[in-house]
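# Take a look and give me a structure for this.
(chains A and B)
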Amino acid sequence: DAGITQSPRHKVTETGTPVTLRCHQTENHRYMYWYRQDPGHGLRLIHYSYGVKDTDKGEVSDGYSVSRSKTEDFLLTLESATSSQTSVYFCAISTHSNTGELFFGEGSRLTVL
Amino acid sequence: KQEVTQIPAALSVPEGENLVLNCSFTDSAIYNLQWFRQDPGKGLTSLLLIQSSQREQTSGRLNASLDKSSGRSTLYIAASQPGDSATYLCAVRGNNNDMRFGAGTRLTVKP
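A predicted model of the protein is given here:
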């Protein structure tokens, strides 16, 4: 158990509404990631963080923003949700950027109507 | 751009059989390769991590090998059990903190 908690686990929202997903870790790891998983596309990196207030874009960052004000929390925000953002979102942590093992949370299923 | 391919996409075997799952990648400049299992509706569970300097890693009935030069990794599962049924994914970590995932192999072990 890597001590990763995602909330909410399930959410249904309407197009145009803001949505924030939260990832909380108890392990004090420096690196945190947000992925989305879609049929036919596999897992794709949205944003990642390498420390408090240090974040960077991933492969599919358009339409998403992140914040990390504390080591233990990494927030993913959809400013104005669209149907194409319906997906399962996974948070992950790593002990090291290049050689560390990656551990995943249980996922947050988001449906945008 | 790193491309990761897993073949076959699905595999069904009888209980007790030994099996091999394949993962190939196009760019050999990697830091490590990690194998995961994912049960339906769940997150990814880490199985094995192989650093680029290593050739293999073992955990219980699982053995993962890495051949960087040929861009291949295999996950060997010995004496398969119905509880091994899941989707197995491999992921390759390259430069710039970029981790690329394969689409996975869906394994079914029949009692």
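# tell me which helix or strand of chain B sits lowest on mean pLDDT?
Scoring the helices and strands of chain B by mean pLDDT, DSSP states H and E places strand B:99-101 at the bottom, with a mean of 92.
# strand partners of whichever helix or strand comes after it, parallel vs antiparallel please.
Remark: after strand B:99-101, the chain's next helix or strand is strand B:105-110, criterion DSSP states H and E. Paired strands of strand B:105-110, with direction, are strand B:10-14 (parallel), strand B:86-93 (antiparallel) (DSSP bridges).
# Residue numbers of chain B in contact with chain A?
B:31-32, B:34, B:36, B:41-46, B:49, B:51, B:89, B:91, B:93, B:97-99, B:101-104 (Cβ under 8 Å from any Cβ of the partner chain). Quick note: C-beta positions are derived from backbone N, CA and C, even for glycine.
# Buried ones among those?
Neighbour counting by 16 or more other Cβ atoms under 10 Å in any protein chain shown classes B:31-32, B:34, B:36, B:43-44, B:46, B:49, B:89, B:91, B:93, B:97-99, B:101-104 among the residues of chain B next to chain A as buried.
# Which residues are in contact with the residue most central in space within chain A?
For chain A, the residue nearest the mean C-alpha position is A:W34 (2.8 Å; Cα atoms, centre = their mean). Contact analysis of A:W34 by Cβ atoms under 8 Å, 6 or more residues apart in numbering or on different chains lists A:21, A:23, A:45-48, A:58, A:64, A:66, A:74, A:76, A:89-92.
# between the longest strand belonging to chain A and strand B:86-93, how many degrees?
Secondary structure of chain A per DSSP state E: the longest strand is strand A:42-51. Between the axes of strand A:42-51 and strand B:86-93, defined by axes from the mean of the first three to the mean of the last three Cα atoms, to 10 degrees, the angle is 50 degrees.
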